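*Asks:* give me a 3D structure for the following:
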Amino acid sequence: MVDLLVIGGLGVDVRVRVPALPLPAADSHTVEPIELRIGNTGAGVALAGHAVGLRVRVVDTLGADPAGDLVRAALARAGVPTVLAEDRAGTRRSVNLVDPDGRRTSLYDPRPWQGPPPFPAAELATLVRDARHVHLSIMDWVVPLLPAVRDALPAGVALSTDLHDWDGSNPYHRPFAEVADLVFVSGVRLGDLAAALAAHLAPRTVVVTRGADGAELYPGDGTAVPVPAAAPPGPVVDSNGAGDAFAAGLIAGRLRDRPLPAALGYAARVAAAACTHDGMGYPPGLLPTG
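*Replies:* Model (predicted):
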């Protein structure tokens with residue numbers, strides 16, 4: 001039995017520190033050393049969940065390439081078990097441009113999946129039944145398996161997903177939103193439409209994240225609860241992965257039977273602490289566990 005099963009979302013990040021965002025127009029910029037490390041949303045949730053004390057397993061596809069080897073090695077070092085299938089298109093990649101204040105813009109190469117799903121529905125259902133919480137990354141290979149995931153959930157086990165910067169209308173995201181109990185979504189493209197989207201998704205619980213401005217909780221009953229951002233315990237160096245850390249913190253809080261407001265406050269503290277570290281390989285003690 002694991003506390004958290006993360007489905008999808010492994011890849012590598014190429015981190016580039018830039019003088020400003022948007023990047024000033026120029027033929028070239030001299031930058032700090034460019035780092036290649038484990039990244040993408042599933043890795044962020046899994047590694048943050050592990051860092052706050054959860055037993056985590058990840059199931060996904062990776063390429064038989066150096067990027068995939070890097071991801072496998074990073075998860076092995078962290079002690080996070082995996083169930084992996086080979087992706088002949090290669091491992092997903094992101095280039096993250098990070099400014100001096102830790103803000104970032106990500107360029108994402110999804111390596112679209114070709115062919116039938118990489119895991120039989122029965123195998124994925126077995127993994128789901130062995131988890132206390134299931135978190136979905138919005139990978140293309142997951143879509144045809146969503147009914148099997150939903151049907152396999154034991155009573156009392158919640159299913160969450162992160163829709164990232166969904167605008168509320170892109171049809172790609174909708175199957176994930178409709179199958180989940182808990183929906184995370186960035187407010188970047190929603191603007192003032194967050195309440196309307198939450199009402200449409202009711203009775204699901206929706207959390208709209210707004211970075212340094214905190215978040216809003218829509219518990220599915222027509223109300224909205226502001227979630228203040230937490231003060232980082234040190235200088236902000238990299239906000240990449242903060243939303244994933246927030247999701248992991250909220251999942252951990254709920255698995256530990258914290259009331260939803262307390263779990264959200266804890267999630268904000270986890271996200272703030274994650275911003276003080278460069279990358280998702282969180283050292284012991286960095287993310288709060290209580």
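*Asks:* checking Asn240 next. Helix, strand or coil?
*Replies:* Assigned with DSSP: H, G, I helix; E, B strand; the rest coil, Asn240 falls in the coil class.
*Asks:* give me the neighbour count for it.
*Replies:* Using other Cβ atoms under 10 Å, Asn240 has 25 neighbouring residues. Yep, even glycine has a C-beta here, placed from its N, CA and C like the rest.
*Asks:* wait, doesn't it sit right on Asp13?
*Replies:* Yes. The pair Asn240 / Asp13 is scored as a contact, 6.8 Å apart, by Cβ atoms under 8 Å.
*Asks:* what residues are shared contacts of those two?
*Replies:* Each of Gly39, Asn96, Gly279, Met280 lies in contact with both Asn240 and Asp13 under the rule Cβ atoms under 8 Å, 6 or more residues apart in numbering.
*Asks:* nearest spatial neighbour of the third one, chain-adjacent residues omitted?
*Replies:* Using Cβ to Cβ, 6 or more residues apart in numbering and skipping residues adjacent in sequence, the residue nearest Gly279 is Arg37, 5.2 Å away.
*Asks:* hmm, who's touching the host helix or strand of the one you found?
*Replies:* Element membership for Arg37, per DSSP states H and E: strand 35-39. For strand 35-39, the external contacting residues (Cβ under 8 Å, 6+ apart) are 10-15, 47, 67, 70-71, 74-75, 94, 96, 240-241, 278-281.
*Asks:* and if you look at stretch 165-184?
*Replies:* Stretch 165-184 is contacted from outside by 136, 138, 142-143, 146-147, 149-150, 158-163, 185-186, 188-190, 193, 196-197, 200-201, 204-207, 209, 243, 246-247, 250, using Cβ under 8 Å, 6+ apart.
*Asks:* try 6 Å this time
*Replies:* Contacts to stretch 165-184, defined as Cβ atoms under 6 Å, 6 or more residues apart in numbering, come from residues 136, 138, 143, 146, 150, 158-163, 185-186, 188-189, 193, 197, 201, 204-207, 247.
*Asks:* pull out the buried residues from the residues you listed.
*Replies:* Buried residues within those, defined by neighbour count using 16 or more other Cβ atoms under 10 Å: 136, 138, 146, 150, 158-163, 185-186, 197, 201, 204-207, 247.
*Asks:* ends of stretch 279-290, what's the gap?
*Replies:* 22 Å (Cα to Cα, to the nearest Å).
*Asks:* buried residues in that stretch?
*Replies:* Across stretch 279-290, burial judged by 16+ other Cβ under 10 Å covers Gly279, Met280, Tyr282, Leu286, Leu287, Pro288.
*Asks:* which among the contacts of strand 35-39 end up buried?
*Replies:* Among those, those scoring as buried are 10-15, 47, 67, 70-71, 74-75, 94, 96, 240-241, 279-280 (criterion: 16+ other Cβ under 10 Å).
*Asks:* sort out for me which of those residues are in helices.
*Replies:* The helices, defined by DSSP state H, take in Leu47, Ala67, Leu70, Val71, Ala74, Leu75 from those.
*Asks:* and the fifth one, what is it in contact with?
*Replies:* Residues counted as contacts of Ala74 (Cβ under 6 Å, 6+ apart) are Ile38.
*Asks:* go on, the first one?
*Replies:* Taking Cβ under 6 Å, 6+ apart, we find Leu47 in contact with Ala78, Met280.
*Asks:* what's the pLDDT at it?
*Replies:* Looking at Leu47, its pLDDT reads 98.
*Asks:* what do you get for the third one?
*Replies:* According to the prediction, Leu70 has pLDDT 97.
*Asks:* try the fifth one
*Replies:* The per-residue pLDDT reported for Ala74 equals 97.
*Asks:* how close does it get to Leu10?
*Replies:* 10 Å (Cβ to Cβ, to the nearest Å).
*Asks:* then the last one?
*Replies:* Counting by Cβ to Cβ, the separation of Leu75 from Leu10 is 8 Å.
*Asks:* next: the third one.
*Replies:* Noted for Leu70: a distance of 10 Å to Leu10, by Cβ to Cβ.
*Asks:* adjacent strands (with direction) for the strand holding Arg37?
*Replies:* Note on strand 35-39: by DSSP bridges, its sheet partners are strand 11-17 (antiparallel).
*Asks:* using CSV, write out the CA atom coordinates for the partner strand.
*Replies:* Output in CSV follows, covering the C-alpha atoms of strand 11-17 (Å, rounded to 0.1, in the frame of the first residue of the first chain):
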residue,chain,number,x,y,z
GLY,A,11,10.4,14.4,-17.7
VAL,A,12,13.5,16.5,-17.5
ASP,A,13,13.9,20.2,-17.1
VAL,A,14,16.6,22.3,-18.7
ARG,A,15,16.9,25.3,-16.3
VAL,A,16,18.2,28.5,-17.7
ARG,A,17,18.6,31.6,-15.5
